[in-house]
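**Q** this one's sequence-less:
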Ligand SMILES: C=CC1=C(C)c2cc3[nH]c(cc4nc(cc5[nH]c(cc1n2)c(C)c5CCC(=O)O)C(CCC(=O)O)=C4C)c(C)c3C=C
Ligand code: FES
Ligand SMILES: [Fe+2]
């Protein structure tokens, strides 16, 4: 991609956008109608005094083709924030990845040859930025980036692209690390932030002509680190559940059990004090409240790997046990991931519904949020509130787990918390 310098950004700012005059007050999201604060003045322009702003979607990623499965697993098993293997990490990690590759390759082959997460992440980020250009013109243009932890585009590549696009030059510009995990876990969002912090430090001081352009140390970072009960997220989940409930005959509908299913955590991580189980429960409670508390429900946990104890009850056991008890109407709701992946398309659809429930017509899954416009509006609202707040990260993010002994976590949290001062100092690029 051609390098976009700050001059290019400045030139774009100086030239009124042809569409600037047509920036009409956007339609308020359904879950915010009646709230006048959402609507920006109609006179704002496309390029604002604080722009451009990079919006970086962080997620674990997934292999887009079966050929990428090995490198995906290799990166995953090498991540000490996810699977700590001590000083043998770099030796045992690749061995575990190699052993697991054929089984996981087959699962990706069975869901169409790869993970759709890159496609959805790029779509969500691009659409969200279009909305943000209208609702937050002062920080426009908003430029979408995707940084995956284990698959392409990796965090390192995203960072290089950011620098090649002109961030890091002049006054550095503003970038927002936006986790795509609604609920915070040190094994997911924490790991992505540690990786971002690592590459920032490696590229700090790098000047044009070296391996990367610009100076990564100049970029002012902030983080959207969790959003478990955001009204738009809750609304998007609730609407999908209502859509699935509507497929049951009216006389059965009220007795359908809602099974909220989230990726489990090893008990060692839970006992370290990881915030994820409580935040997933908060999402479940908010969705149930939005649904009027009209249904029986359970929060259950899926995708355990390896022999150590994991948080339960397990999704598959729960479905089998309820079926045995005569409850055959159940809706599975993936509540901790916003796009489709093997946990939904393979584990829930093929294993839990297809095998455990023997394809019983009463056991269904709600569709994932993927390209849902209510969800994308919610993402834009989260980003707008974050940009308006002037805060670098949530207060909660600055508190380490009671059992945390990771130097990476300490340094990463200190770095992001300190960014609030840089934000206050201004972020203009020119
Ligand atoms: C909120 C989501 C997730 C949490 C929390 C999480 C924690 C976690 N995961 C492992 C180990 C593995 N996870 C694997 C795949 C995988 N994990 C998630 C999400 C969360 N993981 C997803 C969406 C996926 C699949 C990606 C896709 O594209 O479909 C794997 C690899 C697959 C396999 O070998 O079974 C492992 C291993 C741990 C140990 C952990 C918490 C510490
Ligand atoms: S493991 Fe949670 S802050 Fe380090
Ligand atoms: Fe996982």
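**A** Perfect, thanks for sending it. This structure is a prediction, so every number in the text was calculated from the model and none was measured. Residues are numbered from 1 along each chain as shown. Ligands and ions are numbered 1, 2, ... in the order given.

**Q** look up how far ligand 1 lies from residue 236.
**A** Plainly put, residue 236 is 17 Å away from ligand 1 if you go by Cβ to the nearest ligand atom, to the nearest Å. Every residue, glycine included, has its C-beta placed from N, CA and C.

**Q** can you offset everything so residue one is 283?
**A** Sounds good: first residue 283 from here, last item residue 518.

**Q** can you pull the pLDDT of the residue in the stretch 583-712 of the chain that ligand 1 sits nearest to?
**A** The minimum distance from the stretch 583-712 of the chain to ligand 1, using Cβ to the nearest ligand atom, falls at residue 623 (3.0 Å). Here, the pLDDT recorded for residue 623 equals 88.

**Q** wait, residue 351 sits on residue 388?
**A** No - using Cβ atoms under 8 Å, residue 351 is not in contact with residue 388; the gap is 9.4 Å.

**Q** comparing the two, which residue is more hemmed in?
**A** Applying other Cβ atoms under 10 Å to residue 351 and residue 388 shows that residue 351 carries more neighbours, namely 25 against 12.

**Q** host element of that one?
**A** Assessed by DSSP states H and E, residue 351 sits inside helix 351-359.

**Q** tell me the helix or strand right after that helix.
**A** Trace forward from helix 351-359 with DSSP H and E and the next one is helix 371-392.

**Q** which bits of this protein sit near ligand 1?
**A** Counting by Cβ under 6 Å from any ligand atom, the residues of the chain close to ligand 1 are 342, 344, 358, 364-365, 382, 386, 397, 399, 463, 467, 469-470, 545, 547-548, 551, 558, 587, 618-619, 623-625.

**Q** now the buried members of those.
**A** Buried members of those, counted by 16 or more other Cβ atoms under 10 Å: 342, 344, 358, 364-365, 382, 386, 397, 399, 463, 467, 469-470, 545, 547-548, 551, 558, 618-619, 623-625.

**Q** just the pLDDT for whichever residue of the stretch 333-482 of the chain sits closest to ligand 2.
**A** Closest residue of the stretch 333-482 of the chain to ligand 2, Cβ to the nearest ligand atom: residue 468 (3.3 Å). On the pLDDT scale, residue 468 is placed at 98.

**Q** with residue 366 instead?
**A** With respect to pLDDT, residue 366 scores 93.

**Q** what helices or strands is the helix holding residue 351 leaning on?
**A** helix 371-392 (3 or more Cβ pairs under 8 Å, 6 or more residues apart in numbering; DSSP states H and E).

**Q** pull out the buried residues from the helix it packs on.
**A** Quick answer for helix 371-392 (16+ other Cβ under 10 Å): 375-376, 378-379, 382-383, 386-387, 389-390.

**Q** could you list the residues of the stretch 433-582 of the chain in contact with ligand 2?
**A** Counting by Cβ under 6 Å from any ligand atom, the stretch 433-582 of the chain sits next to ligand 2 at 468, 472, 554.

**Q** and residue 395, helix, strand or coil?
**A** coil (DSSP: H, G, I helix; E, B strand; the rest coil).

**Q** what's the spacing between it and residue 623?
**A** Residue 395 sits 14 Å away from residue 623, going by Cβ to Cβ, to the nearest Å.

**Q** try residue 650
**A** 8 Å.

**Q** circling back to that earlier point, identify the residues contacting the residue of the stretch 583-712 of the chain closest to ligand 1.
**A** Listed by Cβ atoms under 8 Å, 6 or more residues apart in numbering, the contact set of residue 623 reads 344, 397-399.

**Q** using CSV, lay out those together with secondary structure and distance to residue 513.
**A** CSV is the format used below for the contacts of residue 623 (DSSP: H, G, I helix; E, B strand; the rest coil; distance: Cβ to Cβ, whole Å):
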residue, secondary structure, distance to residue 513
344, coil, 28
397, coil, 29
398, coil, 26
399, helix, 25
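
**Q** tell me which residue is most central in this protein.
**A** What sits nearest the mean C-alpha location of the chain, by Cα atoms, centre = their mean, is residue 462, with 0.8 Å.

**Q** do I have it right that that one meets residue 340?
**A** Yes - applying Cβ under 8 Å as the test, residue 462 and residue 340 come out as touching, 6.3 Å apart.
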